[in-house]
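A.B. asks: Predicted model, plus sequence, below.
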Amino acid sequence: MASQEISHKGRIISITPEVTEVEIISRSACGSCAVAGLCSAAEVQKKLVEVPTDPEGKYEVGQTVEVCLKQSMGNKAVWISYVFPVAILMILVVSLSDTSIGELYAGLIGIGGVGLYYFFVWLFRDKIAKDYVFYIKGL
């Protein structure tokens, strides 16, 4: 089942009856390089993930755990955040380039269309977020 989920190691920051906050350290592809400390390209970011608290889980603050998400949800996120906006941009730019409005305006309208798409994603973020439920696996 490990191939059907996306997982990251993290550390529990806080636990409430509703939500457990886990801090995940996200590294860029070159973050594991031996000379990453000398290079400014190696990025390390800390992210907080809110996970519904498992009433039967015996976790403690500071414990290292694995935060998991179904892989299908990760794929869905890629479609929402990358594939659909690129498709909107390409459709608008290509279809409007053949009109008399000019390439500059076609490009601006394409960027505006992508901006409008992301605005609607932002408006419906709470509804979208309900589909993405993380869970904790102890190490």
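C.D. replies: That came through fine.
A.B. asks: Give me the mean pLDDT for the lengthiest helix in the chain.
C.D. replies: Determined from DSSP state H, the single longest helix within the chain is helix 103-123. Mean per-residue pLDDT for helix 103-123: 95.
A.B. asks: Now do the buried residues in it.
C.D. replies: For helix 103-123, a neighbour-count test (16 or more other C-beta atoms under 10 Å) marks 106, 109, 110, 113, 114, 117 as buried. (C-beta placed from N, C-alpha, C; glycine too.)
A.B. asks: Which neighbouring elements make contact with it?
C.D. replies: Packed against helix 103-123 by the contact rule (3 or more C-beta pairs under 8 Å, 6 or more residues apart in numbering; DSSP states H and E) you find helix 84-97.
A.B. asks: show me where pLDDT drops low in the protein?
C.D. replies: Along the chain, the parts satisfying pLDDT under 70 run over 1-3, 27-44, 138-139.
A.B. asks: Let me see the backbone angles for the residue positioned nearest the centre of the chain.
C.D. replies: With distances taken as C-alpha atoms, centre = their mean, the residue of the chain nearest its centroid is residue 77 (6.6 Å). Main-chain torsions, residue 77, degrees, to the nearest 10: phi -60, psi -40.
A.B. asks: how much space is there between it and residue 90?
C.D. replies: Distance, residue 77 to residue 90, by C-beta to C-beta, to the nearest Å: 20 Å.
A.B. asks: Over to residue 78?
C.D. replies: Taking C-beta to C-beta, one finds residue 78 at 17 Å from residue 90.
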